[in-house]
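Novice: What follows is a predicted protein model with its sequence.
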Amino acid sequence: MAIYDTKTVLSQIKKSELHSLYYFYGADIVQIEEITKKLIDKATDGNTELACTKKDGKNLNIRELEDDSQMFSLFAPYNCILINDFNAEQCKEDMLKKLFKVLESIGSSTIIIFNITGFDVKDGKKTASGKNKKLIDFVNKHGIVCEAIPKSEAEMVKVLCSEAEKHGCILSYKNAGELVHRCMGNTLRLKSEIEKLCMCANGKEISLDIIESLVAPSIETTTFALAKAVVSLNANGAMKELDKLMALRIQRTIIVHSIASSFMDLYRAMTAVRNQKQQSDMKNDFGYNYDFMVRNAFRDCNKIAPERLRSCIIVLRDLEKQLNSTSGDERIMMETAIIKMLMIASGKYR
């Protein structure tokens, strides 16, 4: 059977086409939480507290699960069991087999839901592997597996505008796009930020000034802006982005890693262009969650020659070594590295 998207499963839930076994996972935690809530509400007729048993997947007791799965609910059409963050990789093989036996014999009035919100089932790869894949394949055979794939930028913009309208506020598509970029498409953060912005706007327009004053750019947004400034030979812009990074008070190793990642994005995009690959190829090959990250890299990668971009990445590698082995002023080390990269980008430094 196929792995479903959230839209399809939500449609099934709305039509009361329910199954006994579900497995929800994916990069968009907000969608996972939404679909889990919709399913439980439908299965329990809204009596979630009385008809839904919640279990911690990190401490799952198979025997207890077996007992609970044979129970009938007195308060709802279904006996619902929610198992959060069960990592099959941490389960012994014999226990996993026992789990499968339990899942094969659950009562007809029971619905068991595995939802994953605290770890990456794919472990950064294209697909799940190992025991988690075994569990996914098992559920797929006996029930429904749904992967919550992040919405596109256009979809997120529409959702934000709609949410603002529900709160009696106005949010333009342009400003919604800026909000998506500042949060790097992180739906959990976007949900929190739009609520905050609506409260501040108080029924009026959510202007760009309000967004800039209340929503701090993510580290990824800022480091990519720094990388763009370097390849564009914009020294003032690069130093301003460094100021923003230092103001975030994030560990310097994380800052350097993030800057290096932004340069790697540009290098991957440059390699893709030279090999006549599309943005979709880069997104799929390297597991990017958001289209605009790849699109921005494609847009800016041709501003610098490949050998110069490689040299910039080497500078960042040496910067990390220097930060880890010396006790000098971190800010000065970072500024020196940025100046070196600017000179490399201009062809004045080798």
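Specialist: Nice, thanks for sending it over. Residues are numbered from 1 along each chain as shown.
Novice: quick one: low-confidence parts of this structure?
Specialist: 1, 349-350 (pLDDT under 70).
Novice: Domains in it, by residue range?
Specialist: 6-148, 153-214, 219-346 (automatic domain parsing).
Novice: Serialize those domains to TSV and add fields for mean neighbour count.
Specialist: C-beta: built from backbone N, CA, C; applies to glycine. Below are the domains of the chain laid out as TSV (neighbours: other CB atoms under 10 Å):
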stretch	mean neighbour count
domain 6-148	17
domain 153-214	17
domain 219-346	17
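Novice: Show me where the stretch 251-350 of the chain has its strands.
Specialist: Secondary structure of the stretch 251-350 of the chain by DSSP state E, counting those that start in this stretch: no strands are present.
Novice: list the contacts for Lys174?
Specialist: Leu208 (CB atoms under 8 Å, 6 or more residues apart in numbering).
Novice: helix/strand/coil for it?
Specialist: The local conformation at Lys174, judged by DSSP: H, G, I helix; E, B strand; the rest coil, is helix.
Novice: Likewise for Leu242?
Specialist: helix.
Novice: correct me, but it touches Met334?
Specialist: Yes: when contacts are counted by CB atoms under 8 Å, Leu242 is listed as touching Met334 (6.2 Å).
Novice: Let me see the ranges of the strands in the stretch 101-250 of the chain.
Specialist: Using DSSP E, counting those that start in this stretch, strands in the stretch 101-250 of the chain cover 110-115, 144-148.
Novice: okay if I get those as a markdown table plus distance to Glu320?
Specialist: Formatted as a markdown table, the strands of the stretch 101-250 of the chain follow (distance: least, CB to CB, whole Å):
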| stretch | distance to Glu320 |
| --- | --- |
| strand 110-115 | 37 |
| strand 144-148 | 34 |
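Novice: I'd like to know which of those is closest to Lys191.
Specialist: strand 144-148 (13.9 Å; CB to CB).
Novice: Just want the angle from the closest one to strand 110-115.
Specialist: Orientation check (axes from the mean of the first three to the mean of the last three CA atoms, to 10 degrees): strand 144-148 against strand 110-115 gives 30 degrees.
Novice: Now do strand 144-148: distance to the chain's middle.
Specialist: 16 Å (CA atoms, centre = their mean, to the nearest Å).
Novice: got the CA coordinates for it in PDB?
Specialist: Extracted in PDB, the C-alpha atoms of strand 144-148 (Å, rounded to 0.1, in the frame of the first residue of the first chain):
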ATOM      1  CA  ILE A 144      -2.600   3.600   7.400                       C
ATOM      2  CA  VAL A 145       0.900   5.200   7.200                       C
ATOM      3  CA  CYS A 146       1.000   8.900   6.700                       C
ATOM      4  CA  GLU A 147       4.100  11.100   6.200                       C
ATOM      5  CA  ALA A 148       3.600  14.800   7.000                       C
END
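Novice: Give me the residues contacting that strand.
Specialist: 1, 3-6, 8-9, 12, 19, 21-29, 31-32, 35, 136, 139.
Novice: can you give me the helices for the stretch 1-150 of the chain?
Specialist: If DSSP state H, counting those that start in this stretch is used as the criterion, the helices of the stretch 1-150 of the chain fall at 6-14, 29-44, 48-51, 62-69, 93-104, 130-142.
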